[in-house]
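# could you look at this predicted model? Sequence included:
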Amino acid sequence: MRLAFLIQRRNYYRLLGPVVERALARGWDTECWEAGEEALKGRPAREQREALPAFRQGQPRRREYAGEGGLNRLLAEAGPDVVVTLRPPVAVGSESRVRWLGLQYTLDIGGMVDPAGRTPFDAIGVHTEHWRARAADSLRILEFNRARSTGRAPVPVDDGAVAATMRRRASVVGFPEMDQFHAVDPVAVRRRLGLDPARPVVVYCPFPFLSNPRTFWVRHVYGARRLHQRLLTGAGAGRRYANHVAGGWDDRGVVNAVRAFCDANGAALVVKARPKDPVPGYLAARAERVLYEQTDYPATILELMSVASLCLHFFSTVAYEAAYAGVPSICVTAEADDLGFPPIWREWFLSAAPGSSFGFPGVTYPLSVREMVEDFPRRRLADFPLEPAARAHYLEKFVGFDDGKASDRLLDLAASLKEGGPR
């Protein structure tokens with residue numbers, strides 16, 4: 001079996017690394033095709049990794065390509081049986097006989113089909129039935145974003161056609177990224193990070209200032225210094241935020257509350273940040289450790305989940321990784337208009353409603369900025385339990401199997417493509 005993985009961004013190894021690992025273990029001829037012109041979103045120094053992906057079963061052949069032409073040349077030269085990718089293939093020659101296997105990553109399932117239900121994939125691996133049923137809704141969100149960026153009206157989505165394609169092409173495999181969690185040694189992680197073996201760890205994923213919409217609240221209230229807040233909220237539309245300023249309901253207030261919570265619970269504060277959202281100095285000064293990605297495989301976030309007692313985030317899909325690892329999480333919330341999430345995003349995806357990804361009692365707990373500042377320092381770790389029955393339901397809905405075999409299910413799907421199905 002000749003298998004190629006399309007690595008369009010280096011952090012795709014976080015999602016595809018476990019599948020590469022299992023392909024190597026099967027003895028398959030395995031290659032990773034890396035985009036040579038990857039556009040970095042953060043500062044180059046922070047985008048650097050300490051090492052290449054650390055595969056235990058050998059090393060795949062690594063090739064670099066540039067653009068569509070380079071990809072087509074690789075397809076012709078290497079002649080793989082199947083290409084595994086997180087994004088649809090672009091402008092691949094129609095004469096190619098390669099079979100394309102797509103792997104969903106949460107909302108990006110909407111990018112696996114077009115509004116008419118057409119797909120370039122011969123098969124698609126999805127996390128759960130919930131996501132397969134939400135494919136059209138996910139596509140509507142992505143189409144809304146495309147339309148807004150180009151100034152056109154969104155293309156209507158044919159729900160029936162999308163559903164039919166998903167029934168025909170998509171198979172539930174789980175979340176292959178999570179497989180690597182079973183190989184993480186928490187003792188080694190603590191030793192490497194210099195964390196006391198007996199001390200609880202709180203993992204904090206900061207507010208994504210450069211990624212979130214730059215609303216008035218984000219720019220002039222939540223992330224601003226006190227003098228700036230007072231100047232901008234003392235008149236006009238800003239007056240409605242006067243109580244935010246008076247109460248210290250801002251990012252510094254949340255950071256101080258998290259630090260106070262850690263002190264009250266004897267916990268270490270470890271900040272996990274993204275290169276495109278640098279950590280502000282006041283947060284770095286309050287944390288025991290600040291980490292960006294050290295490696296993509298093993299994934300730094302899953303290593304941290306192996307030692308965490310609690311995780312805090314702002315509507316981040318880290319909630320899925322925490323739940324898989326058996327770690328409760330807190331989703332810090334604010335008014336939707338202040339965050340700048342369009343209504344279509346808030347309907348079901350970026351929602352803290354009970355039963356949603358970010359509001360699931362016994363797994364992830366939504367707390368407002370005000371609750372964080374005023375109440376969180378007095379809370380205890382035991383106030384946010386991970387309840388086994390709730391976790392099982394959460395995984396079944398959003399993440400999939402927790403048996404560490406999602407990668408094998410995806411590879412079984414790849415093997416079936418070589419044998420002529422599905423299509």
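Yep, it's here.

# give me the contacts around the helix or strand encompassing residue 145.
Assigned by DSSP states H and E, residue 145 belongs to helix 135-150. When contacts are defined by C-beta atoms under 8 Å, 6 or more residues apart in numbering, helix 135-150 is touched by residues 107-115, 131, 153-155, 157-159, 162-163, 166, 170, 342, 344-345, 347-349. No exception for glycine: its C-beta is placed from N, CA and C like everyone else's.

# now the following helix or strand past that helix: mean pLDDT?
Heading C-terminal from helix 135-150, the first helix or strand you meet, by DSSP H and E, is helix 159-169. Averaged over helix 159-169, pLDDT sits at 98.

# tell me what helix 159-169 is packed against?
strand 123-126, helix 135-150 (3 or more C-beta pairs under 8 Å, 6 or more residues apart in numbering; DSSP states H and E).

# the very next helix or strand once past that helix: partners in the sheet, and parallel or antiparallel?
Going down the chain from helix 159-169, the next helix or strand is strand 170-172, by DSSP H and E. With DSSP bridges as the test, strand 170-172 is paired with strand 123-126 (parallel).

# distance of residue 254 from residue 7?
35 Å (C-beta to C-beta, to the nearest Å).

# neighbours around the nearest residue to residue 8 once chain neighbours are set aside, how many?
Of all residues not flanking residue 8 in the chain, residue 35 sits nearest, at 4.8 Å (C-beta to C-beta, 6 or more residues apart in numbering). Using other C-beta atoms under 10 Å, residue 35 has 18 neighbouring residues.

# do you know the pLDDT at residue 35?
Confidence score, pLDDT, at residue 35: 91.

# got it, and residue 236?
So residue 236 comes in at 79 (pLDDT).

# the residue nearest to residue 8 and residue 7 touch, don't they?
Yes: Residue 35 lies in contact with residue 7 (C-beta atoms under 8 Å); the separation is 6.7 Å.

# coming back round to it: enumerate every residue touching the residue nearest to residue 8.
7, 8, 9, 64, 65, 66.

# got a list of what residue 193 touches?
Per C-beta under 8 Å, 6+ apart, neighbours of residue 193: 270, 289, 291, 307.

# with adjacent residues omitted, what lies nearest to the second one?
Sequence neighbours aside, residue 270 is the residue nearest to residue 289 in space, at 4.7 Å (criterion: C-beta to C-beta, 6+ apart).

# what segments of the stretch 1-150 of the chain are strands?
2-7, 29-35, 61-65, 82-85, 99-103, 123-126 (DSSP state E, counting those that start in this stretch).

# correct me, but residue 17 touches residue 407?
No: here residue 17 does not reach residue 407: they are 9.1 Å apart, not a contact under C-beta under 8 Å.

# tell me how far residue 1 lies from residue 153.
44 Å.

# between the two, which one's more packed in?
Taking neighbours as other C-beta under 10 Å, residue 1 and residue 153 compare with residue 1 leading, 15 against 8.

# any idea how far that one lies from residue 398?
31 Å.

# quick one: distance of stretch 264-275 to the chain centre.
Its chain's C-alpha centre and that of stretch 264-275 lie 18 Å apart, by C-alpha atoms, centre = their mean, to the nearest Å.

# buried ones in that stretch?
Within stretch 264-275, the residues that qualify as buried are 265, 267, 268, 269, 270, 271, 272, 273, 274, 275, counting by 16 or more other C-beta atoms under 10 Å.

# over to stretch 347-355?
349, 350, 351, 352.

# the last one touches residue 361, doesn't it?
By that I understand residue 352. No: judged on C-beta under 8 Å, residue 352 makes no contact with residue 361 at a distance of 11.3 Å.

# isn't residue 174 up against residue 104?
No: judged on C-beta under 8 Å, residue 174 makes no contact with residue 104 at a distance of 10.3 Å.

# quick one: pLDDT of residue 96?
62.

# circling back: buried ones among the contacts of residue 35?
7, 8, 9, 65.

# quick one: the third one from residue 176, how far?
Per C-beta to C-beta, residue 9 is found 16 Å from residue 176.

# among the contacts of residue 193, which one is most surrounded by other residues?
residue 307 (23 neighbours).

# state the distance from that residue to residue 272.
12 Å.

# is the residue nearest to residue 8 bridged to anything, and to what?
Assigned bridge partners for residue 35, using DSSP bridges, are residue 65.

# show me where the stretch 201-350 of the chain has its helices.
Under the criterion DSSP state H, counting those that start in this stretch, the stretch 201-350 of the chain contains helices at 216, 226-233, 242-247, 251-264, 281-284, 300-305, 318-324, 336-339, 343-346.

# lowest mean pLDDT across these, which one is that?
helix 226-233 (a mean of 86).

# re earlier: weed out the non-buried ones from the contacts of helix 135-150.
By 16+ other C-beta under 10 Å, those give 107, 109-115, 131, 154, 157-158, 162-163, 166, 170, 344-345, 349 as buried.

# care to break the chain down by domain?
Using automatic domain parsing, the domain parsing of the chain gives 2-175+404-418, 186-399.

# quick check: the residue nearest the centre of the chain vs residue 323, distance?
Centrality entry for the chain: nearest residue to the mean C-alpha point is residue 317, 4.4 Å, by C-alpha atoms, centre = their mean. For residue 317, the distance to residue 323 (C-beta to C-beta) stands at 11 Å.

# I'd guessed residue 164 sits against residue 117; true?
Yes: Residue 164 is within contact range of residue 117, at 6.2 Å (criterion: C-beta under 8 Å).

# between these two, which is the more surrounded one?
Neighbours were counted for residue 164 and for residue 117 using other C-beta under 10 Å; residue 117 has more, 20 against 12.

# list the residues that contact the more buried one.
Applying C-beta under 8 Å, 6+ apart, the residues near residue 117 are 158, 160, 161, 162, 163, 164, 165.

# pretty sure residue 191 belongs to a helix, no?
Yes: under DSSP: H, G, I helix; E, B strand; the rest coil, residue 191 falls within a helix.

# what sits against it?
Taking C-beta under 8 Å, 6+ apart, one finds nothing in contact with residue 191.

# tell me the pLDDT at it?
97.

# how far away is it from residue 307?
Residue 191 is 10 Å from residue 307, by C-beta to C-beta.

# same check, this time on residue 64
35 Å.

# gap between the two ends of stretch 385-398?
In stretch 385-398, first residue to last residue: 19 Å (C-alpha to C-alpha, to the nearest Å).

# residues touching that stretch, excluding its own?
127-128, 130-131, 320, 323-324, 326-328, 357, 360-364, 401-402.
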